[in-house]
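Engineer: whatever this is, show me its structure:
(chains A and B)
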Amino acid sequence: AQSVTQLGSHVSVSEGALVLLRCNYSSSVPPYLFWYVQYPNQGLQLLLKYTSAATLVKGINGFEAEFKKSETSFHLTKPSAHMSDAAEYFCAVSDGSNYQLIWGAGTKLIIKP
Amino acid sequence: SAVISQKPSRDICQRGTSLTIQCQVDSQVTMMFWYRQQPGQSLTLIATANQGSEATYESGFVIDKFPISRPNLTFSTLTVSNMSPEDSSIYLCSVHGGGGTDTQYFGPGTRLTVL
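Structural biologist: Predicted structure coming up:
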């Protein structure tokens, strides 16, 4: 069965520093991969998705993620953190067979002034 | 992407009562999903709702507790029945975005507190 692991339930970075949120998946089939963001008291918003085109995917708000099949990883990065990036980030994977997404546990991003 | 609204946005309910959550989409979609997000947790899929057929429930969720209606391609409801404090969660609906990539688009959620 598919699974998604997000390393670190909480990640704290200083404003202006690099943001790195880790996501690893378990799959022998190249999946579709997603990052969603949830701001406080809101629903989930799609940040970006990998769908077997370019391995480096650019998303909204300056975020990007790189699909590395050999490492089964899809880590999310942003060169310079902003206070408005404080939110919960979820990685999800689909194997394309049953329309459902498998969700990671989420990583809360904390931005220090 | 689809625009999704949910009603109510939040509610505080007494144990033993029921609450019906509405999900409205601005375009016709085949698949809709209902999720529960318990405090500080990730998303747990409750059921998949397709128009014209009964909802498909995930393990641990039953129709008597979470009845779902899907009367047309733009609307669905989820009822949380006979509520207990353990049902306090955010309930989210989402829609399958089509296009073969399984992208889902989410509503703003309903924050439920059961006293």
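
Engineer: residue of chain A closest to chain B, please.
Structural biologist: Chain A approaches chain B most closely through A:Ser94 (3.7 Å), counting by Cβ to the nearest Cβ. The way it works is simple: take the backbone N, C-alpha and C, and place the C-beta from them, glycine included.

Engineer: SS state for the closest residue to that residue other than its chain neighbours?
Structural biologist: Using Cβ to Cβ, 6 or more residues apart in numbering or on different chains and skipping the chain neighbours, the partner closest in space to A:Ser94 is B:Asp102 (3.7 Å). Assigned state for B:Asp102: coil (three-state reduction, DSSP: H, G, I helix; E, B strand; the rest coil).

Engineer: so who does the closest residue to B:Cys23 other than its chain neighbours touch?
Structural biologist: Ranked by Cβ to Cβ, 6+ apart and with sequence neighbours excluded, the top spatial neighbour of B:Cys23 is B:Cys93, at 3.6 Å. B:Cys93 makes contact with B:Ile4, B:Gln6, B:Ile21, B:Cys23, B:Met32, B:Phe33, B:Trp34, B:Tyr35, B:Ser76, B:Leu78, B:Phe106, B:Gly107, according to Cβ atoms under 8 Å, 6 or more residues apart in numbering or on different chains.

Engineer: partner residues bridging the residue of chain A closest to chain B?
Structural biologist: Following DSSP bridges, A:Ser94 is listed with bridge partners A:Tyr32.

Engineer: phi and psi next, for A:Ser70.
Structural biologist: phi -60, psi -30 (degrees, to the nearest 10).

Engineer: let me know the pLDDT of it.
Structural biologist: The model reports A:Ser70 with a pLDDT of 89.

Engineer: that one - how many residues pack around it?
Structural biologist: Neighbour count of A:Ser70, defined by other Cβ atoms under 10 Å in any protein chain shown: 5.
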